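Peer 1: Task: produce atomic coordinates for the following.
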Amino acid sequence: MEEIKISSKPLSEIPKSVLMGFPGSGLVGSIALQYMVDQLEFELIGNMTSKYFPPLVMMNKGVINVPVRFYQKDELAVVVGDIPVHPMICYEIANGLMTWLNQFKLKEVVAIAGIVTNELEKRVFGVATEPEHLPRIQDHTIILPMGTISGIAGSILTECKVRGIPAIGLLGETINAPDPRSSAATIDVLNKMFNLNLDTAPLLEQAEEIEAAMHKLSEEVQTTEKVQKKEQLPMYG
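Peer 2: Model (predicted):
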């Protein structure tokens, strides 16, 4: 914990479900949870910094955000990150985070991440640390029969498993690009799990804007490639 600094108010006495999202495939977890805390007006209670984090910081409308932030409202707490966590330090970050959280009354941990597939359906897959936790999600997700979960989400779920903390993983089907549409699909699952009634329409509009921008960029790249190929044709005469 000496190399991981947590500056935060304590979680309130209400037993908490802790939702966590960090940048990964499609930025699914971080987009979904930042959208949720903004729309539902969660209270910002603290942050985490570490020498392990890359030397960068995000800003919004000219205001700096600490890379990993803690929020809470009623029976929910949220940990949302803006920076990717390198595989070599996932254990240290997950261990430090769960050591701090474990001093409070926790009902469960929900780790949200993306999973890259060859499909574009935006399904949400579910996993749990113990068989008795699967009924909580089996009607809202596709239970993943086998496979691996890498990165910080995998480390958090492992840390919960060895500490005996009930934990669930929600994996939104995505591509390797910012994917608000997949984030909206995971929010739909959270709506059912926690009765949030959170409207995802603005997030889907954002998805359409991103998709349109990506389509335009793709067309520009193709046009540039055609021009370059034409310029490289040999000259005869």
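Peer 1: for the chain, what spans make up the strands?
Peer 2: Applying DSSP state E to the chain gives strands spanning 4-8, 16-21, 43-50, 58-60, 63-65, 68-73, 76-81, 106-116, 124-128, 142-143, 167-174.
Peer 1: which strands and helices sit next to the second one?
Peer 2: What that stands for is strand 16-21. Judged by 3 or more Cβ pairs under 8 Å, 6 or more residues apart in numbering; DSSP states H and E, the packing partners of strand 16-21 are helix 28-39, strand 76-81, strand 106-116. Where C-beta positions appear, they are placed from N, C-alpha and C, glycine not excepted.
Peer 1: Make JSON lines out of the ones you listed and add mean neighbour count.
Peer 2: Below are the helices and strands packed on strand 16-21 laid out as JSON lines (neighbours: other Cβ atoms under 10 Å):
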{"stretch": "helix 28-39", "mean neighbour count": "24"}
{"stretch": "strand 76-81", "mean neighbour count": "24"}
{"stretch": "strand 106-116", "mean neighbour count": "24"}
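Peer 1: Ok, which of those comes nearest Gly46?
Peer 2: Set against Gly46 and scored by Cβ to Cβ, those come closest in strand 76-81, at 9.8 Å.
Peer 1: where are the low-confidence patches of this protein?
Peer 2: Along the chain, the parts satisfying pLDDT under 70 run over 1-2, 210-237.
Peer 1: Any idea which residue is closest to the centre of the protein?
Peer 2: Closest to where the C-alpha atoms of the chain average out (Cα atoms, centre = their mean) is Gly29, at 1.5 Å.
Peer 1: Skipping adjacent residues, who's closest to it in space?
Peer 2: Once flanking residues are discounted, Gly29 sits nearest to Gly21: 2.6 Å by Cβ to Cβ, 6 or more residues apart in numbering.
Peer 1: What's the separation between the residue nearest to the centre of the chain and Pro15?
Peer 2: Look at Gly29 and Pro15: by Cβ to Cβ, to the nearest Å, they are 22 Å apart.
Peer 1: Tell me who's in contact with Ser150.
Peer 2: By Cβ atoms under 8 Å, 6 or more residues apart in numbering, the contact set of Ser150 is Pro87.
Peer 1: Check Glu92 too.
Peer 2: Contact partners of Glu92, counting by Cβ under 8 Å, 6+ apart, are 3-4, 50, 52.
Peer 1: thinking again about what came up before, who touches the residue nearest to the centre of the chain in this structure?
Peer 2: 20-23, 80, 111-114, 153, 183, 186.
Peer 1: Throw those residues into TSV and include distance to Gly147, thanks.
Peer 2: Converted to TSV, these look like this (distance: Cβ to Cβ, whole Å):
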residue	distance to Gly147
Met20	20
Gly21	20
Phe22	19
Pro23	21
Val80	25
Ala111	15
Ile112	17
Ala113	13
Gly114	14
Ala153	13
Ser183	21
Thr186	18
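Peer 1: how about the helices and strands packed on strand 16-21, which one is nearest Pro67?
Peer 2: Comparing the helices and strands packed on strand 16-21 against Pro67 with Cβ to Cβ, the closest turns out to be strand 76-81 (6.1 Å).
Peer 1: and the closest one, what does it pack onto?
Peer 2: Contacts defined by 3+ Cβ pairs under 8 Å, 6+ apart place strand 76-81 against strand 16-21, helix 28-39, strand 68-73.
Peer 1: mind putting the helices and strands packed on strand 16-21 in JSON lines, distance to Leu97 included?
Peer 2: Shown next, in JSON lines, are those (distance: least, Cβ to Cβ, whole Å):
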{"stretch": "helix 28-39", "distance to Leu97": "14"}
{"stretch": "strand 76-81", "distance to Leu97": "7"}
{"stretch": "strand 106-116", "distance to Leu97": "10"}
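Peer 1: Good, wrapping up.
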